[in-house]
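Visitor: Sequence and predicted structure below; questions after.
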Amino acid sequence: MEQGKTHAKGLSLAAVFAALTAVGALISIPVYPVPVSLQTLFLYLCVLVLKEKAPLSMAIYLAMGAVGLPVFARGMAGYAVLIGPTGGFLLGFLLASLASGLLLRWAGNRKFADIAAVGLCMSLVFGIGWLWLSGWMGWNFWGALWAGVVPFLPGDLLKAAVAVGVNKKIRL
């Protein structure tokens, strides 16, 4: 019976983090081509709480947006967002949550595992997003770096620190 409770808790938390990520997307500053939002705060927290189950949450979030629910930044929705200039960052949410969750599963309760996982998550989101945005900008790697990565790093470092701090307090 305990196994069933654990599974139900994991599914419930995955749904909650998908919803939180959607809310974080709606709290945004419309900057082109990549808006400033709180999505990554909830992504980082999702990875820390759900670990290897975090990709389920991000898959739910992406599926909600793909089918037309306005859960992406600026209330956008649809598959066009997924293949648009910010599509790489959104795809990065899924891949980064997978890699970071597996790192946490492997690392267990080792010191600094949370920081390493959030660092990996941030690196993958920005790396995949940067490459995708570069393609959208005619393979202008420098332009994409300055338009979609560099301005966001200070804020995401702060979001990562908040996520690590919150996770230490809640430990679900």
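Guide: On my side now, so go ahead. Predicted model only: the values in this text are computed from it and were never measured.

Visitor: ok, and for the helix or strand harbouring A161, which residues are buried?
Guide: Following DSSP states H and E, one finds A161 within helix 153-170. For helix 153-170, burial by neighbour count (16 or more other C-beta atoms under 10 Å) applies to D156, K159, A160, A163, V164, N167. C-betas here are computed from N, CA, C, even on glycine.

Visitor: mind listing what the fifth one touches?
Guide: If a contact means C-beta atoms under 8 Å, 6 or more residues apart in numbering, then V164 has Y44, L48, D114, I115, V118 as its contacts.

Visitor: ok, now how distant is it from L11?
Guide: With distances taken as C-beta to C-beta, to the nearest Å, V164 is found 24 Å from L11.

Visitor: Helices of this structure, start to end?
Guide: Using DSSP state H, the helices found in the chain span residues 2-26, 39-50, 54-66, 79-82, 87-107, 113-136, 141-148, 153-170.

Visitor: Same list (the ones you listed) but as TSV, adding distance to Y32 and mean pLDDT.
Guide: Shown next, in TSV, are the helices of the chain (distance: least, C-beta to C-beta, whole Å; pLDDT from 0 to 100):
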stretch	distance to Y32	mean pLDDT
helix 2-26	16	87
helix 39-50	17	97
helix 54-66	19	97
helix 79-82	14	94
helix 87-107	14	96
helix 113-136	11	97
helix 141-148	8	96
helix 153-170	17	95
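
Visitor: Can you tell me which of these is most buried?
Guide: Greatest average neighbour count among the helices of the chain goes to helix 39-50 (a mean of 27), per mean count of other C-beta atoms under 10 Å.

Visitor: Against which helices or strands is it packed?
Guide: Applying 3 or more C-beta pairs under 8 Å, 6 or more residues apart in numbering; DSSP states H and E, we find helix 39-50 packed against helix 2-26, helix 54-66, helix 87-107, helix 113-136, helix 153-170.

Visitor: now what about it, what contacts it?
Guide: Under C-beta under 8 Å, 6+ apart, the answer for helix 39-50 is 10, 13-14, 17, 20-21, 23-25, 54, 56-58, 73, 93, 96-97, 100-101, 104, 114, 117-118, 121-122, 125, 156, 159-160, 162-164, 166-167, 170, 172.

Visitor: could you give the angle of that helix to helix 153-170?
Guide: Put simply, helix 39-50 runs at 30 degrees to helix 153-170, going by axes from the mean of the first three to the mean of the last three C-alpha atoms, to 10 degrees.
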